[in-house]
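Asker: Give me coordinates for this.
(one chain, ligands or ions: 1)
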Amino acid sequence: MSSVKTTKKRTLAEDYAGDVGEDLQAYMDGDNDPVVSKDSVAASNSLSQRIQKRLTQLDQATMDSEKGDAGYFDFSSLNMKKDHASRPVWVCPNGRIFLEAFSPIYKQAYDFLVAIAEPVSRPEFIHEYKLTPYSLYAAVSVSIETDSIIKVLDRLSKNQLPECIIKFIRECTTSYGKAKLVLHHNEFYVESLFPEVLRKLLENEQIRLARVKEDTETSTSAAALNMTEFTSNGEFLQKEVSAEDQANLQYQKLLMEDYDQTTDNAAKATTASTVQTVSFRIRKTHVEQVKRACLDMDYPLMEEYDFRNDKTIPDIEMDLKPTTRIREYQEKSLSKMFGNGRARSGIIVLPCGAGKTLTGVTAASTIKKSCLCLCTSAVSVEQWTAQFKMWTNIPSKKIARFTSVSKDEIDKDSGVIVTTYTMVAFGGARSSASAEAMKIIQGREWGCILLDEVHVVPAKMFRKVIGSIACHCKLGLTATLVREDDLIGDLNFLIGPKLYEANWMDLTQSGFLANVSCVEVWCPMTGPFYSEYLKDNNTARQRALLYVANPNKFSAAEYLIRYHEERGDKIILFSDDVFALQLYAKKLQKGYIFGGTSENERMRLLQAFRSSPQVNVVCLSKVGDTSIDLPEANVIIQVSSHFGSRRQEAQRLGRILRPKANASGGFNAFFYTLISTDTSEMFYSNKRQQYLVDQGYTFKVVTELYDKSTFEGVYTSKAAQDQLLYEVLNPEGIDALNETESNKLVDVEDLSRLSSKKMKSSSLGALSGAGGSKYMEYSTGHGAKQRHNLFRDRYR
Ligand SMILES: Nc1ncnc2c1ncn2[C@@H]1O[C@H](COP(=O)(O)OP(=O)(O)OP(=O)(O)O)[C@@H](O)[C@H]1O
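Answerer: Below is the predicted model of the structure:
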């Protein structure tokens, strides 16, 4: 109960934070991390600090000269080219790039920009991108050279490239991607195409000490051997160009010449019979120290796996089935990973429901070596295992699940193990079966690690997992790389750069994602509810319950359920608040699932929802945000959510993104958020939507959903509303309810093993993940703090 009290004291800032499973939270809270050396953190921090400095300098340069009183940038003095109308982008001195999404060469420009810059916002007509040291690092790592970045950007740009931008690109990219860490025949090499880079690195004493001297050599790079089935992006560009309007072909070719040449060169380099590289061998025991020293010298070591030449790890017979067809964007993302014949470590960002699993499975089946797949929950472990079997011909004895409940036999030589982060990172006493499995996991050399949902796992836990496992290649997968804290930078160096990020709207237009109509329904508070809401003596918890249980909101949900049931839709009602969840479910006579629901009951309800035409509504607490797969659902009604969490909003939308049969071509999925007006819910809602707005979704506001004079529902009568108010102000057993909910979010095995000390010291906020500092808000113009003057008053 002590934890409940802590929750009530949470500050507003804490409330904005998003959620992360408590099991992960525990590792963030732990003070000792034997695997991670403090030096390693310091090194990465010092690099982050330098990067931050560069960014600050860039911003400062712009602020000094361009920023006006209103806090907006005035770029009217940009030096425009004569033919600017036919070029698609503006490049601003603060590193922001704006792309006309209606340009005939949009696709090519998009491919280029997403490779060199971070997408900030991608609505229908104008996209915004941002050049950052990380994005440039990613560009270099997929073989786009400094001069090509500048040249292509200049060709695409309507204005002359600002000098500070050219300087920024040069400064950020000269040293990145120039040195690689390669594992050849079980030996680690630092490799480079540039002898002077290796000479410079060897000036560092730590690196010199780590070097095995006799191995200095000029080698024939293994990258010279077979190309993978994923060709370089140059080829993709050609394909896309041919699909464009013929009249624009000449111009497009001219414009993209340099970019094509860059990618062609990269491809040629890999198909040519030899590529001269210089390398030196380093001691295995010194790998971490060398990585650190290189980071410190601004030469982060790219990690690539020469899997085709690796004879130390036995191949697994694992091919995609002939019936498996990967989609264009999946192929494109994989081409960034395998573009030079080796496997690059990095992160692929694909929207919810776009098929990250198949992308990961295809990567593993291309490498065909032992593969460790790390998921966030036992349910995901089941889903990944099923998809490995569905898409590939992997023999069943070669794939094993390792969770608290399922421990399959692990193949002695090689194979795929699907497990959770917590199972691997757990530091306490294990059962003998678990200890045995961990011995194999930690003793084996892995071809690749697949890291699912990388945005939710704390960097500290990553270090622990990655530091305890020997692997050649790491592929991170995520839908929402939303993490404005420093940890996102750490991910770049712990896993690798972002290799690809798909555009949600492009995938929607191509029919790979459902076309969702997002609606915010404004529900005024009833008089009595609002006057209680305004009273100071009511706790924050009570006030939150008042706006969630607002009778007008209840009626709106009731109306929407009736409307969509009549259409034959499948509806999920989400409420983070378990008291409210039960209220809605019981009064509307629908099934509900929360942390306390038994596994049998859960399965029964979900099965009924999936297959029975009579069961079209299921009410879910936050347990349904990610781990419950309901591809049939096409309507979401949110009545209560986790404060300002953009990730939760995106994850919930993701529940209905699976493509739907749609004869008319209009919206085929509906995402409703019910907001009690003039309460703090309005403020949170605005923050929550920002990530989706940046992906191009528009939220319509509806103020008159139904005719109040004729609608009759559970809480339309005055007497029923009074009764509800009484229940809300005197809720029975509410604390116990919420406690059960939070505890059930924890992986069972880990919960039983978390030390009682840790359990006691965690706040309820931490248990539900709210205490994690994962959701710091945008500080760069997209949060409510920087809202336009016109709208500020509305939210005051
Ligand atoms: N190339 C493909 N061909 C056919 N079906 C596909 C393909 N790629 C993905 N799918 C299907 O799309 C659905 C969503 O895939 P998956 O579960 O991997 O998505 P996801 O990106 O991991 O989503 P979430 O983030 O919601 O977990 C699955 O049913 C999967 O079978």
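Asker: Every contact and neighbour count from this point should use C-alpha atoms.
Answerer: Noted.
Asker: From the contact counts, what lies against the strand or helix carrying residue 546?
Answerer: Under the criterion of DSSP states H and E, residue 546 resides in helix 540-548. Counting contacts by 3 or more CA pairs under 8 Å, 6 or more residues apart in numbering; DSSP states H and E, helix 540-548 is packed against helix 527-534, helix 718-729.
Asker: Packing partners of the helix or strand following it?
Answerer: Where DSSP H and E defines the elements, the next helix or strand beyond helix 540-548 is helix 551-566. Helices and strands touching helix 551-566, by 3+ CA pairs under 8 Å, 6+ apart, are strand 516-523, strand 571-575, strand 635-640, strand 669-676.
Asker: Looking at helix 551-566 now, give me its mean pLDDT.
Answerer: Mean per-residue pLDDT for helix 551-566: 94.
Asker: That one: which residues count as buried?
Answerer: 551-561, 564-565 (16 or more other CA atoms under 10 Å).
Asker: quick check: angle from it to strand 669-676?
Answerer: Note on geometry: by axes from the mean of the first three to the mean of the last three CA atoms, to 10 degrees, helix 551-566 and strand 669-676 are set 170 degrees apart in direction.
Asker: Work out the gap between helix 551-566 and the centre of the chain.
Answerer: Here helix 551-566 is found 32 Å from its chain centre; the criterion is CA atoms, centre = their mean, to the nearest Å.
Asker: Specify the angle between that helix and strand 635-640 in degrees.
Answerer: With the same axes, to 10 degrees defining the directions, helix 551-566 sits at 170 degrees from strand 635-640.
Asker: Can you tell me what sits against helix 551-566?
Answerer: Outside helix 551-566, the residues that touch it by CA atoms under 8 Å, 6 or more residues apart in numbering are 521, 523-526, 570-571, 584, 588, 616-617, 635, 637, 639, 674-676, 705-706, 713-716, 721.
Asker: Then stretch 352-363?
Answerer: With CA under 8 Å, 6+ apart as the test, stretch 352-363 has contacts from 320, 326, 330-331, 334, 350, 384, 387-388, 391-392, 450, 475, 477-479, 512-513, 650-651, 654-655, 657-658.
Asker: Stretch 183-194 too?
Answerer: 178-182, 198, 276-284, 287, 301, 304-306, 309-312, 472.
Asker: Show me which of the residues you listed are buried.
Answerer: Neighbour counting by 16+ other CA under 10 Å classes 178-182, 198, 277-282, 284, 287, 301, 304-306, 310, 472 among those as buried.
Asker: how about JSON lines for the helices and strands packed on helix 540-548, with mean neighbour count and distance to residue 89 added?
Answerer: Below are these laid out as JSON lines (neighbours: other CA atoms under 10 Å; distance: least, CA to CA, whole Å):
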{"stretch": "helix 527-534", "mean neighbour count": "15", "distance to residue 89": "49"}
{"stretch": "helix 718-729", "mean neighbour count": "15", "distance to residue 89": "54"}
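Asker: Dump these into JSON lines; add distance to residue 108 as well.
Answerer: Shown next, in JSON lines, are the helices and strands packed on helix 540-548 (distance: least, CA to CA, whole Å):
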{"stretch": "helix 527-534", "distance to residue 108": "53"}
{"stretch": "helix 718-729", "distance to residue 108": "56"}
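Asker: Show me the one of the ones you listed that comes nearest the ligand.
Answerer: Of all these, it is helix 718-729 that lies closest to the ligand, at 33.9 Å by CA to the nearest ligand atom.
Asker: my guess is residue 333 contacts residue 500, does it?
Answerer: Yes: the criterion here is CA atoms under 8 Å, and residue 333 meets it with residue 500 at 5.3 Å.
Asker: what do those two both touch?
Answerer: With CA under 8 Å, 6+ apart, residue 333 and residue 500 have common neighbours residue 348.
Asker: And these two? Which one has more around it.
Answerer: Using other CA atoms under 10 Å as the criterion, residue 333 and residue 500 rank with residue 500 on top: 25 against 22.
Asker: Output the helices and strands packed on helix 540-548 in TSV; the columns should cover mean pLDDT.
Answerer: Below are the helices and strands packed on helix 540-548 laid out as TSV (pLDDT from 0 to 100):
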stretch	mean pLDDT
helix 527-534	92
helix 718-729	90
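Asker: Just put these in TSV and tack on distance to the ligand.
Answerer: Output for the helices and strands packed on helix 540-548, formatted as TSV (distance: least, CA to the nearest ligand atom, whole Å):
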stretch	distance to the ligand
helix 527-534	36
helix 718-729	34
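Asker: Out of those, which is closest to residue 421?
Answerer: helix 718-729 (38.9 Å; CA to CA).
Asker: So which bits of the stretch 451-600 of the chain are right by the ligand?
Answerer: Residues of the stretch 451-600 of the chain that fall close to the ligand, judged by CA under 6 Å from any ligand atom: residue 479.
Asker: mind checking the backbone torsions on the closest residue to the ligand within the stretch 451-600 of the chain?
Answerer: Of the residues in the stretch 451-600 of the chain, the one nearest the ligand is residue 479, at a distance of 5.8 Å by CA to the nearest ligand atom. The phi/psi pair for residue 479 (degrees, to the nearest 10) reads phi -100, psi -30.
Asker: That one and residue 452 touch, don't they?
Answerer: No: contact criterion CA under 8 Å: residue 479 and residue 452 do not qualify, at 9.6 Å.
Asker: Go through the host helix or strand of residue 684 and flag the buried ones.
Answerer: Per DSSP H and E: residue 684 is located in helix 680-694. Neighbour counts using 16+ other CA under 10 Å place 680-692, 694 of helix 680-694 among the buried residues.
Asker: Could you export the following helix or strand past it as CSV, CA atoms only?
Answerer: Next along the chain after helix 680-694, taking DSSP H and E as the criterion, comes strand 699-702. Only the C-alpha atoms of strand 699-702 are listed here, as CSV (Å, rounded to 0.1, in the frame of the first residue of the first chain):
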residue,chain,number,x,y,z
PHE,A,699,-7.3,14.6,-35.6
LYS,A,700,-10.8,15.9,-36.2
VAL,A,701,-12.5,17.4,-33.3
VAL,A,702,-16.2,16.6,-32.8
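Asker: Strand 699-702 packs against which elements?
Answerer: strand 516-523.
Asker: Give me the sheet partners of the strand it packs on and which way each runs.
Answerer: Paired strands of strand 516-523, with direction, are strand 669-676 (parallel), strand 699-702 (parallel) (DSSP bridges).
Asker: could those be laid out in TSV, adding mean neighbour count?
Answerer: Formatted as TSV, the strands paired with strand 516-523 follow (neighbours: other CA atoms under 10 Å):
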stretch	mean neighbour count
strand 669-676	24
strand 699-702	14
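Asker: Compare the ones you listed and give me the one nearest the ligand.
Answerer: Nearest of those (CA to the nearest ligand atom): strand 669-676, 14.9 Å.
Asker: related to what we said a few turns ago, just give the number of residues close to the residue of the stretch 451-600 of the chain closest to the ligand.
Answerer: 25.
Asker: Next, the residue nearest to residue 451 when sequence neighbours are not counted: secondary structure please.
Answerer: Spatial nearest neighbour of residue 451, chain neighbours left out: residue 476 (4.6 Å); criterion: CA to CA, 6 or more residues apart in numbering. The three-state assignment at residue 476 reads strand, by DSSP: H, G, I helix; E, B strand; the rest coil.
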